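Asker: Sequence plus the predicted model coming up.
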Amino acid sequence: MAGFAWPAAPPTSPVLIPLPARFTRLEGSFVLGPKTVIRVTKPEVNTAEMLAAAIARSTGLKARVRAESKPAKQVTVLNGLR
């Protein structure tokens, strides 16, 4: 039996509101799950809580927000959210 695959679509920019000043697409991915934690420095807690609420509305997932003195390694970093 012969297989068939559609040609890969060119990558498109994600829909982000508000648009960031800069966006860089890198290799890899991440998965949101029940153990997802949004880790931010203390000045960004309100923004992180808004992100957590948006994730909850669209997925039902309730990501926890943790304020830290500096971001940890091995995380997805969102800078400049205002």
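Answerer: That came through fine.
Asker: which residue ranges form the helices in the protein?
Answerer: Taking DSSP state H, the helices of the chain run over residues 45-59.
Asker: Buried ones in the lowest-mean-pLDDT helix or strand in the chain, by neighbour count?
Answerer: Here the helix or strand of the chain ranked lowest by mean pLDDT, DSSP states H and E is strand 37-41, holding a mean of 86. Judged by neighbour count (16 or more other C-beta atoms under 10 Å), strand 37-41 contains these buried residues: I38, R39, V40. To be clear about C-beta, it is placed using only N, CA and C from the backbone, and glycine gets the same treatment.
Asker: which of the residues you listed lies closest to A67?
Answerer: A67 lies nearest to V40 out of these, by C-beta to C-beta, at 6.2 Å.
Asker: show me what contacts the residue lying closest to that closest one once chain neighbours are set aside?
Answerer: Leaving aside its chain neighbours, V40 sits nearest to A48 (4.4 Å; criterion: C-beta to C-beta, 6 or more residues apart in numbering). With contacts defined as C-beta atoms under 8 Å, 6 or more residues apart in numbering, A48 is in contact with I38, V40, V65, A67.
Asker: and which of these is nearest to S58?
Answerer: Closest to S58, out of all of the contacts of A48 and judged by C-beta to C-beta, is I38, at 14.5 Å.
Asker: So what pairs up with that closest one in the strands?
Answerer: V65 (DSSP bridges).
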